[in-house]
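Trainee: Below are the sequence and a predicted model; questions follow.
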Amino acid sequence: MSLFRRFFTRHVAPGVGRPGPREGGGELPPHLYGVIAEFAGSPALVQAVHRTRAEGYVVMEAYTPYPIEELNDAIGHGPSRVPLLVLIGGLVGGLGGFGLQYWASVLEYPLNIGGRPPNSWIAFIPITFECTILLAGISAVLGMLVLNGLPMPYHPVFGVDRFQLASRDKYFLMILARDPKFRAGDTFRFMETLGGVHVQDVED
């Protein structure tokens, strides 16, 4: 299935990434990325996330056809760091734009134009503003891509046959094998108690 047909929303709990050695010690089960369960509606998914967190699982991902704010809170997804990156980018752009003009007009090649002082900061405002907006916009795009782990040509969940429904009308919750509490058989049986329609192992 083409990657460009997947328009689901991914809700990721803190600390989720490519699986490595489990925090609780021991190696991952061979070729097992996690266990995924399918749900028919968002209320069932949110309830399943609450139960999963109460059970002690912390490393999980949820996939929905559209963003669900309540789900972000339930899964433990903290505030986005993109605004901070945008602020830093804007400050760097503004200071850089002003500094470049100051260096050219005051230090490197000062000119007496109509008796105006070399450091005529009012004339520097348009370029300073444009550089601020430019760097802030670039920081927003690059920060969003990096924090979301994009581009992602392949993800183990793409191998789940029914996962294509995540971009239509189905909802999915996956507990990753790198979770300290993860036990292949026990976690699979726990997922079956959450009321999901289908429960399936996901291979790496």
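Mentor: Looks like it came in fine.

Trainee: what's the helix or strand for His11?
Mentor: Assigning secondary structure by DSSP states H and E places His11 in strand 9-12.

Trainee: What's the local residue count around Arg189?
Mentor: In terms of burial, Arg189 registers 12 neighbours under the definition other Cβ atoms under 10 Å. C-betas here are computed from N, CA, C, even on glycine.

Trainee: make that Ser139, sorry
Mentor: Close neighbours of Ser139, defined as other Cβ under 10 Å, add up to 22.

Trainee: what sits against Thr198?
Mentor: Careful, residue 198 is His and not Thr. With Cβ atoms under 8 Å, 6 or more residues apart in numbering as the criterion, the residues that contact His198 are 37-38, 162.

Trainee: Now do the strand holding His11: which elements does it pack against?
Mentor: Here strand 9-12 touches strand 60-64, helix 69-75, going by 3 or more Cβ pairs under 8 Å, 6 or more residues apart in numbering; DSSP states H and E.

Trainee: Can you tell me what sits against it?
Mentor: The contact list for strand 9-12 (Cβ under 8 Å, 6+ apart) reads 61-68, 71-72, 75, 77, 148.

Trainee: which stretch of helix or strand covers Ala37?
Mentor: Secondary structure from DSSP H and E places Ala37 in strand 32-39.

Trainee: Within the sheet, what are the partner strands of that strand, with directions?
Mentor: The partner list of strand 32-39 in its sheet, established with DSSP bridges, is strand 171-176 (antiparallel), strand 198-203 (antiparallel).

Trainee: and Tyr171, what are its bridge partners?
Mentor: For Tyr171, the beta-bridge partners are Phe39 (DSSP bridges).

Trainee: Looks like it contacts Leu45 (just checking).
Mentor: Yes - using Cβ atoms under 8 Å, Tyr171 and Leu45 qualify as a contacting pair, with a distance of 4.1 Å.

Trainee: what residues are shared contacts of the two?
Mentor: 39, 62, 64.

Trainee: Format those residues as JSON lines; extra columns: pLDDT.
Mentor: Supplementary listing: the shared contacts of Tyr171 and Leu45 in JSON lines, determined by pLDDT from 0 to 100:
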{"residue": "Phe39", "pLDDT": "93"}
{"residue": "Ala62", "pLDDT": "93"}
{"residue": "Thr64", "pLDDT": "92"}
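
Trainee: Only the buried subset of those, as a ChimeraX command please.
Mentor: The ChimeraX selection below is limited to those of the shared contacts of Tyr171 and Leu45 classed as buried (16 or more other Cβ atoms under 10 Å):
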select :39,62,64
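
Trainee: Which secondary structure elements does the longest helix seen in the chain sit against?
Mentor: For the chain, the helix with the greatest residue count under DSSP state H is helix 121-147. Secondary structure elements in contact with helix 121-147, counted by 3+ Cβ pairs under 8 Å, 6+ apart, are helix 82-102.

Trainee: Now do the helix it packs on and helix 121-147, the angle between them.
Mentor: Using axes from the mean of the first three to the mean of the last three Cα atoms, to 10 degrees, one finds that helix 82-102 and helix 121-147 are set 140 degrees apart in direction.

Trainee: what's helix 82-102 packed up against?
Mentor: Where contact means 3+ Cβ pairs under 8 Å, 6+ apart, helix 82-102 is packed against helix 121-147.
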